[in-house]
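Q: no FASTA, just this:
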């Protein structure tokens, strides 16, 4: 219970900080919403070539994963500010679990992602998306796992670099190949064979395909199995890395 209480104290403080400046929450959800509103109609003439019945059932799952990845990747910038202001040092001198210091922040990031995902899914349905309720729930859960993994990695990277000038180009270097090789906006099947083979080594490509399968009601596919496996594995690795960095900061 002590761990839960410590995590909740950190979570409550982080939520209060967000409520004082909710602009970042709105900025985080605006990018996928703009993609949905402005890019979605462009897919309608192309759905037959993709083998897709509904463009929004194809696009919304990809945008969910994009939201989970890219929104959470920027979580560490706030931690750098806290470190610079001495907040992290003040937390380190307390007997609180270092894992709780990370989990409390991740809980804030996952809760924020959940609200943004609900907005995106609701808008998708309003624009004509068709998906089973159970599939949407599973897809959102996979998105939250991805978001938690990316937020944990972002926090670990923030405490490792302690500099926005170093962290920003690293994130951009990671984000670009992920966006291009994950099939978030367009299916990788329309690309040449060599590009498809390269994308097979991109974990997020399997996660995107898994979320799309849940939104179409296909729960027995290999893509769903591999996507779920990758999402759980990435979350576990990122949580381990983040915890290790927080503990190192205590050394």
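A: Perfect, thanks for sending it. On a predicted model such as this, the values are computed, not experimentally measured, just so you know.
Q: List the buried residues in stretch 125-132.
A: Neighbour-count burial for stretch 125-132, counted by 16 or more other C-beta atoms under 10 Å, picks out 129, 131. C-beta: built from backbone N, CA, C; applies to glycine.
Q: how distant is it from the center of its chain?
A: 22 Å (C-alpha atoms, centre = their mean, to the nearest Å).
Q: And that stretch, end to end?
A: 11 Å (C-alpha to C-alpha, to the nearest Å).
Q: Show me the contact partners of that stretch.
A: Residues outside stretch 125-132 that contact it (C-beta atoms under 8 Å, 6 or more residues apart in numbering): 36-37, 40, 54, 56-57, 60, 121, 124, 139, 215-217.
Q: what is the rounded mean pLDDT of it?
A: Across stretch 125-132, the average pLDDT comes to 89.
Q: Checking the residue most central in space within the chain next. Helix, strand or coil?
A: Per C-alpha atoms, centre = their mean, the C-alpha nearest to the average position across the chain is that of residue 68, at 1.9 Å. The local conformation at residue 68, judged by DSSP: H, G, I helix; E, B strand; the rest coil, is helix.
Q: Repeat that for residue 131.
A: coil.
Q: For it, what are phi and psi?
A: Dihedral angles of residue 131 (phi, psi; degrees, to the nearest 10) stand at phi -160, psi 140.
Q: if I look at it, how far off is residue 239?
A: Separation of residue 131 from residue 239 (C-beta to C-beta, to the nearest Å): 29 Å.
Q: Kindly report the same for residue 219.
A: 26 Å.
Q: which one of those two has more residues nearby?
A: A side-by-side neighbour count of residue 219 and residue 239, using other C-beta atoms under 10 Å, places residue 239 first with 20 against 13.
Q: which ones are touching the more buried one?
A: Taking C-beta under 8 Å, 6+ apart as the contact definition, residue 239 lies against 102, 106, 148, 149, 152.
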